[in-house]
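Participant: any chance you can model this:
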Amino acid sequence: MIGKETPEIKYDRALTLFTESVMKPDHDLRGCAHNQGCYDELLEIREHVLAYLKTLREVTHHTNADESDEIETAKVIQAKL
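Facilitator: As a prediction, this is how the structure comes out:
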């Protein structure tokens, strides 16, 4: 049924795939980070990206949204500033 889903379903699927790509260990990249002395920094950035991806999911996919969802969205947006 690919192609007939809503834009929200497609976005969610793409976000899930991208999140998986960030989570999947890349041994070559991590090896380069070790060699260049920035392994810890690489993993720190990875954690920041994963946290940001979580906010994308929270902000863009409110089903049956109500006032509390708007409040939470505003908090997430403010936290990113």
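
Participant: for the one helix or strand H48 maps to, buried residues please.
Facilitator: H48 is part of helix 39-60 when elements are defined by DSSP states H and E. Neighbour counts over helix 39-60 (16 or more other C-beta atoms under 10 Å) mark L53 as buried. Glycine gets a C-beta too; all of them are placed from N, C-alpha and C.

Participant: what distance separates it from the centre of its chain?
Facilitator: Here the centre of mass of C-alpha atoms in helix 39-60, compared against the chain's by C-alpha atoms, centre = their mean, to the nearest Å, lies 6 Å away.

Participant: packing partners of it?
Facilitator: Under the contact definition 3 or more C-beta pairs under 8 Å, 6 or more residues apart in numbering; DSSP states H and E, helix 39-60 sits against helix 7-23, helix 27-35, helix 67-80.

Participant: dump these to JSON lines, plus mean pLDDT, distance to T60 and mean neighbour count.
Facilitator: As requested, these are exported to JSON lines (pLDDT from 0 to 100; distance: least, C-beta to C-beta, whole Å; neighbours: other C-beta atoms under 10 Å):
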{"stretch": "helix 7-23", "mean pLDDT": "91", "distance to T60": "6", "mean neighbour count": "12"}
{"stretch": "helix 27-35", "mean pLDDT": "96", "distance to T60": "28", "mean neighbour count": "11"}
{"stretch": "helix 67-80", "mean pLDDT": "67", "distance to T60": "9", "mean neighbour count": "11"}
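
Participant: now these in a markdown table, with distance to V49?
Facilitator: Formatted as a markdown table, the helices and strands packed on helix 39-60 follow (distance: least, C-beta to C-beta, whole Å):
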| stretch | distance to V49 |
| --- | --- |
| helix 7-23 | 5 |
| helix 27-35 | 13 |
| helix 67-80 | 13 |
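
Participant: so for A51, which of those helices sits nearest?
Facilitator: helix 67-80 (9.4 Å; C-beta to C-beta).

Participant: chain neighbours aside, what residue packs nearest to the residue positioned nearest the centre of the chain?
Facilitator: Nearest to the geometric centre of the chain sits L53, at 1.4 Å (C-alpha atoms, centre = their mean). Once flanking residues are discounted, L53 sits nearest to T19: 5.0 Å by C-beta to C-beta, 6 or more residues apart in numbering.
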